[in-house]
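Could you look at this predicted model? Sequence included:
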Amino acid sequence: MPTLPASLEMLQEILEALLGPAGALVLAVLILYGIYKLTVDHLIPIIKNWFDTNQQNIKELMDEHRKDREAFTNSIEKLLIRFQEHEKDIKEIKTDIGDIKENLNKVIDEEAN
C-alpha cells in the first residue's frame, strides 16, 4: 500500500477522530448543551410566565368571589331583617283579626239574646 504524506496522514487521523466515537461524544455533548440552553433560556421563562399569569388570574377570581360572598351575605341579612319586620306585621294583623272576631262574636251573641 502506498504511503501518504505526513500532512495527509495527520488529516486522516483528525477525520477519524472527528467521525469516530470521540466525534460522537462531542456531538452528543453539543446537543445536550443546546437542549440545556433552550430549556434555561426559553422554556423555563415561558413556563414561569404561564404560572405567574395563572396565579394572578386565580388571585383575581378569589378577590371577586370574596366580594360576591360579602354582597350575598349583606343581601341575606337585609332579607332577614325584612322577614322579621313582616313577621311582626303578620302577628299584629292576627291579633287585630282575633280582636275583630271576638268583638263580632260578642255582637252576634248580644243580638241573639
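Yep, that arrived. Numbering: from 1, shown residues only.

What ranges does this protein have for its helices?
6-19, 21-38, 44-112 (DSSP state H).

so what's Glu16 scoring on pLDDT?
On pLDDT, Glu16 comes in at 78.

number of nearby residues for it?
11 (other C-beta atoms under 10 Å). Every residue, glycine included, has its C-beta placed from N, CA and C.

Over to the one 10 residues further on?
Neighbours of Val26 under the rule other C-beta under 10 Å: 12.

Name the nearest residue to it, ignoring sequence neighbours.
Leu18 (7.9 Å; C-beta to C-beta, 6 or more residues apart in numbering).

Tell me which residue is most central in the protein.
Ile58 (3.8 Å; C-alpha atoms, centre = their mean).

Distance check, it against Glu92.
For Ile58, the distance to Glu92 equals 51 Å [C-beta to C-beta, to the nearest Å].

helices or strands next to the least confident helix or strand in the chain by mean pLDDT in the packing?
One helix or strand of the chain scores below all others by mean pLDDT, DSSP states H and E: helix 6-19, with a mean of 77. Helix 6-19 sits against no helix or strand, with contacts defined as 3 or more C-beta pairs under 8 Å, 6 or more residues apart in numbering; DSSP states H and E.

centre of the chain versus it, how much separation?
Distance of helix 6-19 from its chain centroid, counting by C-alpha atoms, centre = their mean, to the nearest Å, is 61 Å.

Can you show me the CA trace of that helix as CSV?
The C-alpha coordinates for helix 6-19 follow below in CSV (Å, rounded to 0.1, in the frame of the first residue of the first chain):
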residue,chain,number,x,y,z
ALA,A,6,2.7,13.2,6.7
SER,A,7,0.2,16.0,6.4
LEU,A,8,-2.4,13.7,4.8
GLU,A,9,-1.8,11.1,7.5
MET,A,10,-2.4,13.7,10.1
LEU,A,11,-5.6,14.9,8.3
GLN,A,12,-6.8,11.3,8.2
GLU,A,13,-6.2,10.9,11.9
ILE,A,14,-8.2,14.1,12.6
LEU,A,15,-11.0,12.9,10.4
GLU,A,16,-11.1,9.5,12.1
ALA,A,17,-11.2,11.2,15.5
LEU,A,18,-14.0,13.5,14.4
LEU,A,19,-16.0,10.8,12.7
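
Appreciated, that's everything.
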